[in-house]
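Trainee: please find the sequence and the predicted model below.
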Amino acid sequence: MNNSIRFILVLIVTSLLSNAELFSQNLTGVVNGDNDNKKEPLEGAVIKWINTKKGTATDEKGRFELGSEGISDKRIVVSNIGYKTDTINVSGKLVLEVILIQNTTTETIVIEDEQSSTYISDDAAKTEIITSQELVKDACCDLSGCFGKNSSVEVAVTDIITDSKELKILGLEGVYTQILIDNMPMMNGLNVKYGVSSISGSMIDRITISKGSNSVINGYESISGIMNVILRDYDNSDLVLVNGFINNSLEKQFNMNLTNQLSKNVNTIFALNTAQKSNRIDENYDGFLDNPLITRYTLFNKWNFADEKSKSEFNVAGRYWNEERIGGQKGYDINNNPGSNSIYGQTAKINSFDGYMRFAKAAKTRPV
């Protein structure tokens, strides 16, 4: 009898020690992801005992080792970003393979924002940028009409007879403001007096304004500030754009932009602007024309050549500008009254061609 009791006690103690040793062993395994029926080891997958903070993560090969000391509920939770979370009962298991199924219901989050139509750039010199979204708010036929809602630039009439205008910055005369076209000093000298009306609004993409003295790299005329007019090219213009304008004086304007991509590396834009004279009107009966008689033809053509392999770009552009302005007394005739002492009038004739070329190539940088 005593021997039987002793045998039963030894058997119970041995069983308890065996179970304790089993429970104290670590759980090891691997976590794979099911991607289109292909198993791939998942790095960074999280494995933890359910309802506890005790857990671990997989290595680059998807392997893990998880201690089980003090754990009574033998269920683990396996999770990974982009995969469905799985709960597994591992009671009596020491080695485990887990396969997570890809989560196909992940929603895409789209964040949208709208940039202000006028903003200040982060350049070293404070630069105000007027975008095309701001320009459409003004009924601008030319450059002089682009600043109706902008306080940085003042448009002033310098000659009421011919309606010539200038652009003032910081209150100084327009001759102290340097006007650039595509970062090129194409408007200076006598050209400034009528040049602000020679650039059609449909060709302007954006305008940058820098007040005060700035770099003289593009010329020395900048005293009150620099205005850089960026014209449209193939990338930021419509394939075909046509618009027109006519007022109650029967003054007419017409604009047309055409773009074409000849190849992957070559594209061009062509623009036409014309203004036709109005009727001879004197509504205040002072004997002088209320509006000058303006006839203008402007042709602009820009070509872009780009080579991605050499990381270089070449631009060439040209502009032809022909304009005639007649102002003065209503009866003034340019053909019959030039130099007359009996009737007053002014005539301005412009026939100009200008252009520019620009080449840019990305410099090789030293490896860091």
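Mentor: Thanks, I have it. The structure presented is a predicted model; accordingly, all values stated were derived computationally and were not measured.

Trainee: so, low pLDDT: which residues of this structure?
Mentor: Along the chain, segments meeting pLDDT under 70 span 1-25, 104-125, 139, 214-221, 365-368.

Trainee: which parts of it are helices?
Mentor: Remark: helices assigned in the chain by DSSP state H are 2-24, 132-135, 191-195.

Trainee: go through the second one and flag the buried ones.
Mentor: For helix 132-135, a neighbour-count test (16 or more other CB atoms under 10 Å) marks 134-135 as buried. For the C-beta atoms, the positions are set from N, CA and C on the backbone; glycine is no exception.

Trainee: what does it contact?
Mentor: Helix 132-135 is contacted by residues 117-118, 146, 149-150, 201, 204-207, 236 when judged by CB atoms under 8 Å, 6 or more residues apart in numbering.

Trainee: go on, the last one?
Mentor: By CB under 8 Å, 6+ apart, the list of residues contacting helix 191-195 from outside reads 158-159, 162, 164, 166, 174-175, 179, 187, 323, 325, 348, 350, 352.

Trainee: let's go with 10 Å and repeat that
Mentor: Residues external to helix 191-195 that are found in contact with it (CB atoms under 10 Å, 6 or more residues apart in numbering): 142-144, 158-159, 162-167, 174-175, 177-179, 181, 186-189, 198, 221, 294, 296, 321, 323, 325, 348, 350, 352, 354.

Trainee: can I get the CA coordinates of that helix in PDB?
Mentor: Extracted in PDB, the C-alpha atoms of helix 191-195 (Å, rounded to 0.1, in the frame of the first residue of the first chain):
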ATOM      1  CA  ASN A 191      10.800 100.800 -75.400                       C
ATOM      2  CA  VAL A 192       9.400 101.100 -71.900                       C
ATOM      3  CA  LYS A 193       7.100 104.000 -72.800                       C
ATOM      4  CA  TYR A 194       4.900 101.800 -75.000                       C
ATOM      5  CA  GLY A 195       6.300  98.400 -74.300                       C
END
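
Trainee: how far does that helix sit from its chain's centre?
Mentor: Chain-centre distance of helix 191-195: 31 Å, with CA atoms, centre = their mean, to the nearest Å.

Trainee: how is the protein divided into domains?
Mentor: As given by automatic domain parsing, the domain ranges for the chain are 2-101, 118-225, 235-361.

Trainee: return the most buried member of the ones you listed.
Mentor: Stretch with highest mean neighbour count among these: domain 118-225 (a mean of 17; mean count of other CB atoms under 10 Å).

Trainee: quick check: end-to-end length of stretch 267-286?
Mentor: Stretch 267-286 stretches 52 Å from its first residue to its last (CA to CA, to the nearest Å).

Trainee: repeat for stretch 84-95
Mentor: Note: stretch 84-95 ends 21 Å apart using CA to CA.

Trainee: go on, stretch 63-83?
Mentor: End-to-end for stretch 63-83, by CA to CA: 17 Å.

Trainee: just stretch 44-56 next, same as before
Mentor: Across stretch 44-56, first to last residue, CA to CA, it's 9 Å.

Trainee: what residues does it touch?
Mentor: With contact meaning CB under 10 Å, 6+ apart, stretch 44-56 is reached by 26-27, 29-33, 57-60, 62, 64-81, 83, 85, 87-90, 96, 98, 100.

Trainee: hmm, 6 Å instead?
Mentor: Here stretch 44-56 makes contact (CB atoms under 6 Å, 6 or more residues apart in numbering) with 31, 57-58, 64, 66, 71, 73, 75-80.

Trainee: make a markdown table out of the residues you listed and add distance to Gly287.
Mentor: A markdown table is the format used below for the contacts of stretch 44-56 (distance: CB to CB, whole Å):
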| residue | distance to Gly287 |
| --- | --- |
| Val31 | 94 |
| Ala57 | 92 |
| Thr58 | 94 |
| Phe64 | 98 |
| Leu66 | 101 |
| Ile71 | 106 |
| Asp73 | 104 |
| Arg75 | 102 |
| Ile76 | 99 |
| Val77 | 95 |
| Val78 | 94 |
| Ser79 | 89 |
| Asn80 | 88 |
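
Trainee: separation between the nearest residue to Ser79 once chain neighbours are set aside and Trp49?
Mentor: Distance criterion CB to CB, 6 or more residues apart in numbering; nearest residue to Ser79, sequence neighbours excluded, is Thr85 at 4.3 Å. Distance of Thr85 to Trp49, given as CB to CB, to the nearest Å: 14 Å.

Trainee: for Glu173, same thing?
Mentor: 81 Å.

Trainee: and the closest residue to Arg358 other than its chain neighbours, what are its bridge partners?
Mentor: Nearest residue to Arg358, sequence neighbours excluded (CB to CB, 6+ apart): Asn315, at 4.5 Å. Beta-bridge partners recorded for Asn315 (DSSP bridges): Asn304, Arg358.
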